[in-house]
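Engineer: got a predicted model here, sequence first, then my questions.
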Amino acid sequence: MNPECYHIPVMLDECLAGLNIKPNGIYLDLTYGGGGHSKEIIKELSSEGHLYGFDQDLDAQAGAMVDDRFTFVRSNFRYIKNWMQYYGVERVDGILADLGVSSHHLDAGERGFSFRYDAPLDMRMNQAGKVLAKHIVTTYSEEQLADVLYYYGELKQSRRIAAAIVKARGQKDINTTGQLAELVSPLLGADREKKDLAKVFQALRIEVNGEMKVLREMLANATDLLAPGGRLVVMTYHSLEDRIVKNHIKGVDNKKQDYTDAQALIFGRAKTILKPVNKSVITASAEELARNPRSRSAKLRIAEKS
């Protein structure tokens, strides 16, 4: 797979600065994709340094760079502690995660991530995964569907959409992205149709891949792996993701951040060993916004382990 099929790295300079790279350090890129961030990180490493790139996608593995200082790991990033133990690594100096779906996934029509192509309702980041978007659309109760759409897609009309899906699937199978888009589009405002349709697909993708649960596990494991003074650099594209990352850095218990408990207003305090490097969240510059529209919704948070 040609790395150029993946998105342009967002806030590349800010991510590199946030990692505070030591030439002989050990670093993890948890979302390798097309290797945009990794290829710049490795330029800063000496022969003693090492970078591990994680991605569960077969296409990412096929396009992985070859370098003695680099190891590609085809795995979900929730398992980083297990893999570092396997490689005999006790502590790392920096961890980068660029969350969200890549342009490659959106442009690979057959994967079912986008309503721009008529394809099977799949949306699995890991092609070996057992849960497909079709399963959610065809088996979830109306209430479950509404919750997924509301909390993961932030759709005010989630209950109307869920009711329409349940009614429609009783009359005809919903197997493709085109069928789902055709069903949902009339329920969306004409001025926001494409944006809200994208949110429907986003919500299903998050549920298919268990992204919120996986994110919480990754943050806990990443914090354990970091050496004192090590940096955690995380970029999000969705408000719920950003809230989980922000709360983790602050030491707030994220256990009730899933949609099933999303109405909980009080989160318990947990001991924190991270401190934010920046007082406020980092967003893309005006220059980058003009050059790379995908950076519009990106939020970057950087923390250091004490």
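Structural biologist: Received the coordinates, thanks.
Engineer: what's the pLDDT at residue 131?
Structural biologist: Looking at residue 131, its pLDDT is 87.
Engineer: spatially nearest residue to it, not counting backbone neighbours?
Structural biologist: For residue 131, ignoring the flanking residues on the chain, the nearest one in space by CB to CB, 6 or more residues apart in numbering is residue 208 at 5.5 Å. Where C-beta positions appear, they are placed from N, C-alpha and C, glycine not excepted.
Engineer: got the contact list for the one you found?
Structural biologist: Residues in contact with residue 208 (CB atoms under 8 Å, 6 or more residues apart in numbering) are 123, 124, 129, 131, 132, 133, 136.
Engineer: the residues you listed in strands, which ones?
Structural biologist: Within those, no residue falls in strands by DSSP state E.
Engineer: just the buried residues of these.
Structural biologist: By neighbour count, with 16 or more other CB atoms under 10 Å, these hold 123, 124, 132, 133, 136 as buried.
Engineer: the last one is in contact with residue 147, isn't it?
Structural biologist: Which is residue 136. No. Checked against CB atoms under 8 Å, the pair residue 136 and residue 147 is beyond contact range at 11.4 Å.
Engineer: related to what we said a few turns ago, the residue nearest to residue 131 and residue 123, how far apart?
Structural biologist: Residue 208 sits at a distance of 5 Å from residue 123 (criterion: CB to CB, to the nearest Å).
Engineer: now the common contact residues for these two.
Structural biologist: Counting by CB under 8 Å, 6+ apart, the shared contacts of residue 208 and residue 123 are 132, 133.
Engineer: save the contacts of residue 208 as TSV, and put in distance to residue 96 too.
Structural biologist: Shown next, in TSV, are those (distance: CB to CB, whole Å):
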residue	distance to residue 96
123	24
124	23
129	24
131	27
132	29
133	28
136	30
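Engineer: kindly indicate which of these lies nearest residue 160.
Structural biologist: residue 136 (17.4 Å; CB to CB).
Engineer: check contacts around the closest one.
Structural biologist: 145, 148, 204, 207, 208.
Engineer: what residue of the chain is the furthest out?
Structural biologist: In terms of distance from the mean C-alpha position of the chain, residue 171 ranks first, at 34.4 Å (CA atoms, centre = their mean).
Engineer: tell me which element that one falls in.
Structural biologist: Secondary structure from DSSP states H and E places residue 171 outside every helix and strand.
Engineer: now, which of the contacts of residue 208 sits nearest residue 180?
Structural biologist: Nearest member of the contacts of residue 208 to residue 180, counting by CB to CB, is residue 133, at 8.2 Å.
Engineer: rewinding a little: show the backbone phi and psi for the residue farthest from the centre of the chain.
Structural biologist: phi -110, psi -30 (degrees, to the nearest 10).
Engineer: what is the mean pLDDT for the host helix or strand of residue 182?
Structural biologist: Assigned by DSSP H and E, residue 182 belongs to helix 177-184. Per-residue pLDDT over helix 177-184 has a mean of 92.
Engineer: remind me what that helix packs against, helices and strands.
Structural biologist: helix 158-169, helix 193-208 (3 or more CB pairs under 8 Å, 6 or more residues apart in numbering; DSSP states H and E).
Engineer: for it, which positions count as buried?
Structural biologist: Buried-residue list, helix 177-184, by 16+ other CB under 10 Å: 177, 179, 180, 181, 183, 184.
Engineer: okay, residue 281: pLDDT?
Structural biologist: Confidence score, pLDDT, at residue 281: 97.
Engineer: how far away is it from residue 230?
Structural biologist: Residue 281 is 20 Å from residue 230, by CB to CB.
Engineer: neighbour count winner among the two?
Structural biologist: residue 230 (24 against 15; other CB atoms under 10 Å).
Engineer: quick one: the helices in the protein?
Structural biologist: 12-19, 36-41, 58-62, 80-86, 103-107, 133-139, 142-153, 158-169, 177-184, 193-208, 211-225, 239-250, 286-291 (DSSP state H).
Engineer: now, of those, which is deepest in the fold?
Structural biologist: Comparing the helices of the chain on average neighbours per residue, with mean count of other CB atoms under 10 Å, the densest one is helix 36-41 at a mean of 23.
Engineer: that one - contacts with which helices or strands?
Structural biologist: Contact partners of helix 36-41 among helices and strands, from 3+ CB pairs under 8 Å, 6+ apart: helix 12-19, strand 26-29, strand 50-54, strand 92-98.
Engineer: so what strands line up beside the third one?
Structural biologist: I take that to be strand 50-54. Using DSSP bridges, strand 50-54 pairs in its sheet with strand 26-29 (parallel), strand 70-73 (parallel).
Engineer: those strands: which one's closest to residue 153?
Structural biologist: strand 26-29 (27.9 Å).
Engineer: neighbouring contacts of that closest one?
Structural biologist: Against strand 26-29 from outside (CB under 8 Å, 6+ apart): 19, 21, 37-38, 41, 45, 49-54, 80, 84, 89, 91-96, 222, 225.
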